[in-house]
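*Asks:* Whatever this is, show me its structure:
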Amino acid sequence: MTCWKQAVDFDREIVAVYDKLLQAASSYCRDDGAHDLAAEAVTRALEHRDCYDPSRPLLSWCRAIMRNLWINAGCRLENVNTVRMGDEDCEGGAPPDVVTENNELLKIIRSMCGASVAVETLLEFAQGYSLAEIAERRGIPLGTVKRRIHDGRAMLHKALS
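*Replies:* The predicted structure is shown next:
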């Protein structure tokens, strides 16, 4: 197959998966941000088409590009409208006693982290990753992720009581 023919096939495949990319992007961003994220993922895929392995699904490759763009841009925390634990600013932020409580909570969670994958999974979920993303990253079924989060919450509750 000629290079020109391969390029045309790649372009057609990108067009065919765009709607699915847009659906996935809407789970990351709201409104117009989803269109921008999907368009940027397609642009990056086109720029780096020589890195694509045709034996693998194009949609998965494009979704990985999109997820990396989203994570690197810091959109995950912006969309959730949260402040990372321990990042509070005492001046005009949380009172010192709340910061101290959060720091103590972080110490407890960090000490539990190596003891169980359930707590590690719970932390990923708390950082804003979806259940499906955690399952994909860890290579485990969705039901296992749900169970680990449940177990992690129970372990955390027990440690805090």
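*Asks:* So for the protein, the centremost residue is which one?
*Replies:* With distances taken as C-alpha atoms, centre = their mean, the residue of the chain nearest its centroid is Tyr129 (4.3 Å).
*Asks:* What pLDDT is listed against it?
*Replies:* Looking at Tyr129, its pLDDT stands at 81.
*Asks:* and it, what element?
*Replies:* Secondary structure assignment for Tyr129, by DSSP states H and E: no helix or strand.
*Asks:* Phi, psi for it please.
*Replies:* phi -70, psi 140 (degrees, to the nearest 10).
*Asks:* right, and it touches Glu136 too?
*Replies:* No. Checked against C-beta atoms under 8 Å, the pair Tyr129 and Glu136 is beyond contact range at 9.5 Å. Using the backbone N, CA and C atoms, a C-beta is placed for each residue, glycine as well.
*Asks:* Can you give me the buried ones in the one helix or strand Ala41 maps to?
*Replies:* Using DSSP H and E, Ala41 maps to helix 32-47. Residues of helix 32-47 classed as buried: 33-34, 37-38, 40-42, 45 (neighbour count, 16 or more other C-beta atoms under 10 Å).
*Asks:* and that helix, what other elements does it pack with?
*Replies:* Contacting helix 32-47 under the criterion 3 or more C-beta pairs under 8 Å, 6 or more residues apart in numbering; DSSP states H and E are the following elements: helix 3-28, helix 58-73.
*Asks:* Looking at the shortest one now, give me its mean pLDDT.
*Replies:* Which is helix 58-73. The pLDDT scores in helix 58-73 average 82.
*Asks:* Equivalent analysis for the first one, please.
*Replies:* Rounded to a whole number, the mean pLDDT of helix 3-28 is 77.
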